[in-house]
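> structure, please.
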Amino acid sequence: MFVLHERLDADTAFVTDWPLCRVLLLNDANYPWVVLVPRRHGVSELHELDPADRQTLTEEVADASRRLQNHVKAAKMNVAALGNVVPQLHVHVIARFTDDPAWPRPIWGVLPTKPYDDDTLTAKVAELRALFA
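As a prediction, the model looks like this:
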């Protein structure tokens, strides 16, 4: 049974479910940023997925990256599955721009999290639901 880790639940907004992954918007207005979480119980590492799920995850990450990059006209897409803070397997898909505050470094630790206000969060979720439909 799939249960979203409480930290991911607190830091994201639900966008949609794809065949394998739950697609979430990270509540940080600093960057266009989605998180894909395979809906598999007890999985914390990529190699713990069966081969078919690994292939599906790869395709869903590529699809999310392509859609988001085209939508926001990003210069580069960063994809990461770290899991040091949240052990549940999840993949960050982050749009980057040559003029963003962290460029060309990784984003972690550069800026404090900047949550969306309620109205903007609602609008961003609707925008991404249409994008990821």
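
> from what I can see Phe97 touches Ala74, true?
Yes. The criterion here is C-beta atoms under 8 Å, and Phe97 meets it with Ala74 at 6.1 Å. Yep, even glycine has a C-beta here, placed from its N, CA and C like the rest.

> OK, contacts around Val79?
Val79 makes contacts with Val61, Ser65, Val91, His92, Val93, Ile94, as judged by C-beta atoms under 8 Å, 6 or more residues apart in numbering.

> these in helices, which ones?
Among the contacts of Val79, the members found in helices (DSSP state H) are Val61, Ser65.

> if we can go back for a sec, between Phe97 and Ala74, tell me which one has more neighbours.
Each of Phe97 and Ala74 has its neighbours counted (other C-beta atoms under 10 Å); Ala74 has more, 19 against 15.

> and Pro19, how many residues sit next to it?
Using other C-beta under 10 Å: Pro19 sits among 9 other residues.

> now do Val35
Neighbour count for Val35, taken as other C-beta under 10 Å: 22.

> is it true that it touches His92?
Yes. Look at Val35 against His92 with C-beta under 8 Å: they come within range, at 5.7 Å.

> got any residues that touch both of these two?
With contacts taken as C-beta under 8 Å, 6+ apart, Val35 and His92 have Leu26 as neighbours in common.

> so how far is stretch 52-70 from its chain's centroid?
Here stretch 52-70 is found 11 Å from its chain centre; the criterion is C-alpha atoms, centre = their mean, to the nearest Å.
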